[in-house]
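need a 3D model of the following:
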Amino acid sequence: MSADVIQAAIAEARRRTAASDRDLQPAVAHFARQLQPVCRAWRLVPDHWFDGGAGMPTLAVTGPDGIPGVLKLAKPGELDAAARVMSAADGRGYARVLAWDADRGAMLIERLGPMLWTQAPTLAEQVTVVAPLLQAAWRVPREAGSPFIGKAAGLLAILTDFGPRYGSDLGAAMARATAYARELADTERPEVVCHGDPHAGNVLRRGDGWTLIDPDGFVGERAYDLGVVLRDACREIAAAQESQPGSGEALLREECRRLAGWCDVDAERVWRWAFVERVTTALYLRWHGYLDQAESFAATATLLARAAE
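I've put the predicted structure just below:
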């Protein structure tokens, strides 16, 4: 059974490669080469692999002591920031790291429960959960995070490099996102170790509470993380807008104010980060070949850009 799970996970890694415009062959080769040796070295029994995601599959495993875990495997260096941040957090705001092999690019974390979006489907519910979690996660010492290089500059590069190929239909949204990204790049300051991607799929049930997984772990500003929280509410925005014109933007504005107030951050700055993230996520998903998911981000970005005109 374990060998079957390993082979199925490798096949899934290859399938994801075929669906993406990225050259993921080196990552797949590493995944296929290291998966079985890592399981042997840590005496892990693979149970199944998890569906979803754009990178290599993650596996549910059982350790030699019977404790369930989740194995993540990537090219050496790719998981280092996450491992450092989660280890430094020691269970406060983040999942616990059970083992980490930097040379093999392997990390074993505690196995958790369902994702937040399965139990708290509305943005209002998610804001209530994620805001205090981020406040705990931001207490990780700055030295645990990757050095500050400016997130906005990287997002501006995505808009500039990917826009002509993947965003030619997003005129007003691309223009607004580019203007916001330039302004943010000029004023961004290092504040905390950001999670980097605290959407509702990266918040999992732990006992009676919740915890974060998969941090990017770079030094940046709090408003960026809060913007990401708002980024993924595409269906809710679209449904509200269909019910009553203008209500989609109003819903998002209200949750932006609530989230920013909870964390004592400027709401307009959170709004701008959220918009830039919405547009760059659409481009990123198109690049990966996830066209259906990309369309929801593209459509809501267009809706919000028109509302601002």
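
please parse the protein into its domains.
Using automatic domain parsing, the domains assigned to the chain come out as 2-110, 116-307.

and the last one, how far out from the chain middle?
Right, domain 116-307. When distances are taken as Cα atoms, centre = their mean, to the nearest Å, domain 116-307 is centred 9 Å away from the chain's centroid.

now do that domain, average pLDDT.
For domain 116-307, mean pLDDT is 96.

equivalent analysis for the shortest one, please.
Averaged over domain 2-110, pLDDT sits at 90.

tell me which residues of stretch 227-236 are tucked away?
Buried residues in stretch 227-236, defined by neighbour count with 16 or more other Cβ atoms under 10 Å: 227-234, 236. From N, CA and C alone the C-beta is placed, and that goes for glycine too.

and for the helix or strand harbouring residue 294, what's in contact with it?
When elements are assigned from DSSP states H and E, residue 294 belongs to helix 291-307. For helix 291-307, contacts defined as Cβ atoms under 8 Å, 6 or more residues apart in numbering pick out 167, 169-170, 172-173, 175-177, 231, 234-235, 237-238, 241, 246, 248-249, 252, 275, 278-279, 281-283, 285-286.

stretch 137-154 now?
So stretch 137-154 is contacted by 81, 84-85, 87-89, 92-94, 181-182, 184-185, 188, 190-195, 198, 212, 215-222, 224-225, 276 (Cβ under 8 Å, 6+ apart).

apply 6 Å and report the result again.
81, 84-85, 88-89, 93, 181, 184-185, 188, 190, 192-193, 195, 212, 217-220, 224 (Cβ atoms under 6 Å, 6 or more residues apart in numbering).

cool, stretch 51-61 as well?
If you take Cβ under 6 Å, 6+ apart as the criterion, stretch 51-61 is touched by 9, 12-13, 31, 44, 46-50, 69-74, 288.

give me the buried entries from those.
In terms of neighbour count (16+ other Cβ under 10 Å), the buried residues within the contacts of stretch 51-61 are 9, 12-13, 31, 44, 46-47, 49, 69-74, 288.

which ones among those residues lie within helices?
In this view, the buried ones among the contacts of stretch 51-61 that belong to helices under DSSP state H are 9, 12-13, 31, 288.

of all the residues you listed, which two lie farthest apart?
Longest distance between any two of those is 18.7 Å, between 9 and 288; criterion Cβ to Cβ.

okay, the angle between the helix or strand containing residue 278 and helix 291-307?
Residue 278 is part of helix 267-288 when elements are defined by DSSP H and E. Per axes from the mean of the first three to the mean of the last three Cα atoms, to 10 degrees, the angle that helix 267-288 makes with helix 291-307 is 150 degrees.

now helix 267-288: buried residues?
267, 269-288.

alpha carbons only: can I get it in PDB?
Taking C-alpha atoms only, helix 267-288 is exported to PDB below (Å, rounded to 0.1, in the frame of the first residue of the first chain):
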ATOM      1  CA  ALA A 267      -7.500  50.200   5.900                       C
ATOM      2  CA  GLU A 268      -6.700  51.800   2.500                       C
ATOM      3  CA  ARG A 269      -3.200  50.300   2.500                       C
ATOM      4  CA  VAL A 270      -4.800  46.800   3.200                       C
ATOM      5  CA  TRP A 271      -7.200  47.500   0.300                       C
ATOM      6  CA  ARG A 272      -4.400  48.300  -2.100                       C
ATOM      7  CA  TRP A 273      -2.400  45.200  -1.200                       C
ATOM      8  CA  ALA A 274      -5.500  43.100  -1.600                       C
ATOM      9  CA  PHE A 275      -6.200  44.500  -5.100                       C
ATOM     10  CA  VAL A 276      -2.600  44.000  -6.300                       C
ATOM     11  CA  GLU A 277      -2.700  40.400  -4.900                       C
ATOM     12  CA  ARG A 278      -6.000  39.700  -6.700                       C
ATOM     13  CA  VAL A 279      -4.700  40.700 -10.100                       C
ATOM     14  CA  THR A 280      -1.300  39.100  -9.700                       C
ATOM     15  CA  THR A 281      -2.900  35.900  -8.500                       C
ATOM     16  CA  ALA A 282      -5.000  35.800 -11.700                       C
ATOM     17  CA  LEU A 283      -1.800  36.100 -13.800                       C
ATOM     18  CA  TYR A 284       0.000  33.500 -11.700                       C
ATOM     19  CA  LEU A 285      -2.800  31.000 -12.000                       C
ATOM     20  CA  ARG A 286      -3.000  31.500 -15.700                       C
ATOM     21  CA  TRP A 287       0.700  30.900 -15.900                       C
ATOM     22  CA  HIS A 288       0.300  27.700 -14.000                       C
END
